[in-house]
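*Asks:* Next one to model:
(chains A, B, C and D)
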Amino acid sequence: MTTAATTTRRTLIPFGPQHPVLPEPLHLRLVLEDEIVVNALPAVGYIHRGIEKLAELKDFQQNVFLLERICGICSFIHSLAYCQGIEELMQLDVPPRAKYLRVVWSELNRLHSHLLWLGLLADSFGFESLFMQVWKTREKVLDLEEATAGARIMLSTCAIGGVRRDLSDEQIAQVLHGLDAIERDFESFIPAVITDTTVKHRLVGVGVITQQQAHELGAVGPVARASGIARDLRVTGYAAYGELGLNPVIETDGDCYARTLVRVRELHQSLLLIRKALKRLPATPIAVPVKGNPIGEVVSRVEQPRGEVLYYLKANGTKTLERVRVRTPTFANIPALLAMLPGNELADVPVITLAIDPCVSCTER
Amino acid sequence: MFPFVTTILRALRRGPATRRYPYEVRPPMAGSRGHLVNEPDTCIYCGLCVRRCPAGALAVTREPKSWTLDPYRCILCAYCVEVCPKKCLRMEPSHVRAAS
Amino acid sequence: MIGRLVLVVLVVLGAPLLGALLNGADRILTARMQGRIGPPLLQPFYDLLKLFRKEPLVLNRIQIGYVYLHLAFMLMTIVLITLGQDMLLALFTHAFSTLSLVIGGMSVRSPYSRIGSQRKIMQMLAYEPVLILLVVGIYLRTGSFMAGAVAHLDAPLITSLPLVFLAFLVALEIKLEKSPFDVATSHHAHQELVKGITIEYAGPYLGIIELTHFYETFFLLALVTAFFVTHVWLGVLVAMAVYGAAILVDNVCARMRTTWMVRYMWTVPVALAVCNIIWLYLQPHVGR
Amino acid sequence: MLHNVTDVTVATLLDAVAARFPQGYRLITLTCVDCVDNLEVLYHFYRNYELSHLRLCVAKGTVVPSISGIYSCAVIVENELKDLFGLTFDGLVLDYEGRFMLAADAPVAPMLRTAPAQAAARNGELKMEP
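*Replies:* Residues are numbered from 1 along each chain as shown, chains lettered A, B, ... in the order given. As a prediction, the model looks like this:
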């Protein structure tokens, strides 16, 4: 067979930037042979908002609200990463109650992010009813967020030096009660996800990357953990995680099914962490006053639902920062995604793409 | 083989979980940041809220006394409420459409 | 003669109405299974009216010709069955109808449309053997390829073709574009192929495809009813139950891959049907 | 505060990076900071939750060797820096030619501090809003 004959058999599929399976614009140029992917090239930039640049114009307090808006899912965790960085620069001692409340909101974010993802994954392999059931439960998490923070997604509760809202005893009871209802809901769909024959058919052995590959490609979060890398930044004990204790959830198969199992088990882990944090909530103030301006440079990292986020902050002693650099988890997982795609069918591309839980707004900032 | 059947049947029995929005609106939760209001009687038009607003949604002039909010720009973060020295700004829980 | 003409007109006019109503019921039932409220029952009519009132946009003339052929062959199938004509011929006109859609999908340059068309061919490859075995079974039972012969049986077809019936139900799931077989196009096969085979159709032409789909739904459910022909009302009830079951299966399954579909269809349902045919062949009293 | 920072030059960068790869360091990302007179590129690595950084200071317009031959995942971030800071990388495994994030009609190297809007804002000439 000549080379010319081989190339004519190839089809070029533009996957995105507008594609029904993608909530956000991400462009993958897929080269197919019949229905098998042989190559994939990403292109981003369709929703680049220049947030890093804007953060150099706003003052460091306003940046909390700006950076929170990088992501429409794990908003609180973005502001947490930023606040922890500034607090390290200004050597602020955050009161324990604030640290515990930060865990509560972080984990509520993780809960609804993983549920959102599970729904989208179900949609990617055409299981619409599962998608609807999962999102119905996600709504309950959002209700808890609104009841505690005053908004469904943009919580705006994290502040430099602590948190901006306290929880009353009634609210704590409400959250605990809500978590029970959410856990009951899990029973109605999680066994289906894990044991359903058709679901397993679509996930097991699809988009495999080995532990070695995941390490070398710099994969983070559930993608890395599904390939057997026990790496979860919550283990480093920022906020109150050090006192609550947790072990990273790991799986070793490195396929889409392993990624699903990791996230499903993390759902339970999040429930446990919120309950523990609420039970041990110390009675201290929720914030310390902030005096002066930050100076110096710092790297702040926290674990988002999609993996590790890195904030590099450089301050010069004025109100505005010199540089705010955000490396989001999806950005780190793109090389891993490109390694997963070749060799799989076109039908698996949406599943594999969603299995890294892409957040394109995060990626482009 | 099809573990989801029970869930489906339960959904059928319990009826829709959705609401016919916008005809049916859920009452807002207490403490929700729905929209921003100012009480002109207590306001001293100091302009602190304008300087702190991350979105540049506010404008204040001392003479003549005016306080204006651009609802299209407001991101409902309530930072202005926090810094207001007279506590005349507050967030109302009901959500309004920016265009109305 | 006049009676037959009236019957044909009645079926040709009534079939899409019934098909659209079924489609509307499908959408409500699906919505309820998913915990949603869903559209009104008459939504398919509103959709169709809206499509027909839109500006006709075409990529090329060939594409449009195939849409009309798609509808025309489907109409021919319906008329043939109504008049009790040759089942084998009806089977082929039905296949031609689907093929027209495939060629129409192939006639444009969109890769999504082409892959959708290829998958439609795979679908045909998967369900056609079952349909052929169904006709063979009816022939063995009645001794004739004429659809009219079914009406003169003393016992319903289901008593002699139970396994073929089961195989046909699986084929029905493919024909209705439901999970786990909704690989070529559907209201929700958007995840891989956007709209697959019909992606490059708009306005009235998409409307014609929808209309043909209503006819097809009627045709398929009429076939289900034909299994119970001595007890027509029982047949109608079973057809409704089958339709409901198809929706239920749609909601408890993920979409499978095309290759799996063909492999599955050529093993389980085809084996069931073949067993039934062999058993029927060995019966002394049958047909001939 | 930033600990574990090693200064490197264009000449020693590749050796320093190549030495880290077999030690099990993972590349997190690259950060570019515009220090007005020159550009600073930080290479963030980590191993077992321990961070370690390389700091490369170059004049604007210098060609920086690409580390994508060693850490293949550096390709996308190097392309991003190329788009946003106008940095030129030598030996990029996959070069988008400045079109990874930016469209043809987008501003050139918009993250540079010398961009007019930024300079004006620093001098207090430009109101933040609107």
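*Asks:* residue contacts, residue 67?
*Replies:* Assuming you mean chain A. A:Ile51, A:Ala55, A:His78, A:Ser79, A:Tyr82, A:Val324, A:Val326 (C-beta atoms under 8 Å, 6 or more residues apart in numbering or on different chains). In short, each C-beta sits where N, CA and C put it, glycine included.
*Asks:* oops, I was thinking of chain C
*Replies:* C:Ser100, C:Leu101, C:Gly104, C:Tyr201, C:Tyr205, C:Ile208, C:Ile209.
*Asks:* again, 10 Å this time
*Replies:* Neighbouring residues of C:Val67 by C-beta atoms under 10 Å, 6 or more residues apart in numbering or on different chains: C:58, C:100-101, C:104, C:198, C:201, C:204-209, C:212.
*Asks:* same thing with C:Gly235?
*Replies:* Counting by C-beta under 10 Å, 6+ apart, C:Gly235 has contacts C:Pro156, C:Leu157, C:Ile158, C:Leu221, C:Ala222, C:Val224, C:Thr225, C:Ala226, C:Phe227, C:Phe228, C:Val229.
*Asks:* Turn those into TSV, columns for distance to A:Val38, neighbour count and secondary structure.
*Replies:* Below are these laid out as TSV (distance: C-beta to C-beta, whole Å; neighbours: other C-beta atoms under 10 Å in any protein chain shown; DSSP: H, G, I helix; E, B strand; the rest coil):
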residue	distance to A:Val38	neighbour count	secondary structure
C:Pro156	53	18	coil
C:Leu157	49	22	helix
C:Ile158	49	19	helix
C:Leu221	43	24	helix
C:Ala222	45	18	helix
C:Val224	43	21	helix
C:Thr225	48	20	helix
C:Ala226	47	21	helix
C:Phe227	47	24	coil
C:Phe228	51	20	coil
C:Val229	53	17	helix
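*Asks:* Any stretches of the chain with poor pLDDT?
*Replies:* In the absence of a named chain, this looks at chain A. For chain A, applying pLDDT under 70 flags the ranges A:1-8.
*Asks:* nope, chain B please
*Replies:* B:1, B:98-100.
*Asks:* Try it again at 80.
*Replies:* B:1-3, B:96-100 (pLDDT under 80).
*Asks:* Show me the strands in it, by range?
*Replies:* B:35-38, B:58-61, B:66-69, B:89-92 (DSSP state E).
*Asks:* Adding distance to D:Val17, write those strands out as TSV.
*Replies:* What follows is the strands of chain B, written out as TSV (distance: least, C-beta to C-beta, whole Å):
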stretch	distance to D:Val17
strand B:35-38	51
strand B:58-61	49
strand B:66-69	52
strand B:89-92	50
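*Asks:* mind checking which of those strands is nearest D:Met101?
*Replies:* strand B:58-61 (32.6 Å; C-beta to C-beta).
*Asks:* Which residues does the closest one contact?
*Replies:* Counting by C-beta under 10 Å, 6+ apart, B:36, B:38, B:43-53, B:66-70, B:73-74, B:80, B:89, D:129-130 sit against strand B:58-61.
*Asks:* Break down chain C into its helices, ranges please.
*Replies:* For chain C, helices defined by DSSP state H occupy the ranges C:2-33, C:43-52, C:61-82, C:87-106, C:111-142, C:162-175, C:190-193, C:203-226, C:232-252, C:258-282.
*Asks:* Quickly compare those helices and say which is most buried.
*Replies:* Ranked by mean neighbour count, the helices of chain C are led by helix C:190-193 with a mean of 24 (mean count of other C-beta atoms under 10 Å in any protein chain shown).
*Asks:* The contacts of A:Leu67 in helices, which ones?
*Replies:* Using DSSP H, the contacts of A:Leu67 in helices are A:Ile51, A:Ala55, A:His78, A:Ser79, A:Tyr82.
*Asks:* Just send the residues you listed back as TSV, with neighbour count too.
*Replies:* As requested, the ones in helices among the contacts of A:Leu67 are exported to TSV (neighbours: other C-beta atoms under 10 Å in any protein chain shown):
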residue	neighbour count
A:Ile51	18
A:Ala55	24
A:His78	26
A:Ser79	27
A:Tyr82	28
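*Asks:* Show me which residues of the stretch 201-350 of chain A sit near chain C.
*Replies:* A:His201, A:Arg202, A:Leu203, A:Glu345, A:Leu346, A:Ala347, A:Asp348, A:Val349, A:Pro350 (C-beta under 10 Å from any C-beta of the partner chain).
*Asks:* Could I get the CA-only coordinates of the host helix or strand of A:Glu139 as PDB?
*Replies:* For A:Glu139, the element it lies in under DSSP states H and E is helix A:128-149. Extracted in PDB, the C-alpha atoms of helix A:128-149 (Å, rounded to 0.1, in the frame of the first residue of the first chain):
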ATOM      1  CA  GLU A 128     -29.600  10.700  29.500                       C
ATOM      2  CA  SER A 129     -31.700   9.400  32.400                       C
ATOM      3  CA  LEU A 130     -28.600   8.900  34.500                       C
ATOM      4  CA  PHE A 131     -27.500  12.400  33.600                       C
ATOM      5  CA  MET A 132     -30.800  13.800  34.800                       C
ATOM      6  CA  GLN A 133     -30.800  11.900  38.100                       C
ATOM      7  CA  VAL A 134     -27.300  12.900  38.900                       C
ATOM      8  CA  TRP A 135     -28.000  16.500  38.200                       C
ATOM      9  CA  LYS A 136     -31.100  16.400  40.300                       C
ATOM     10  CA  THR A 137     -28.900  15.400  43.300                       C
ATOM     11  CA  ARG A 138     -26.400  18.100  42.400                       C
ATOM     12  CA  GLU A 139     -29.200  20.600  42.800                       C
ATOM     13  CA  LYS A 140     -29.400  19.700  46.500                       C
ATOM     14  CA  VAL A 141     -25.700  20.500  46.900                       C
ATOM     15  CA  LEU A 142     -26.200  23.800  45.200                       C
ATOM     16  CA  ASP A 143     -29.100  24.500  47.600                       C
ATOM     17  CA  LEU A 144     -26.800  23.900  50.500                       C
ATOM     18  CA  GLU A 145     -24.300  26.300  49.100                       C
ATOM     19  CA  GLU A 146     -27.000  28.900  48.700                       C
ATOM     20  CA  ALA A 147     -28.200  28.400  52.200                       C
ATOM     21  CA  THR A 148     -24.700  28.700  53.700                       C
ATOM     22  CA  ALA A 149     -22.900  31.100  51.400                       C
END
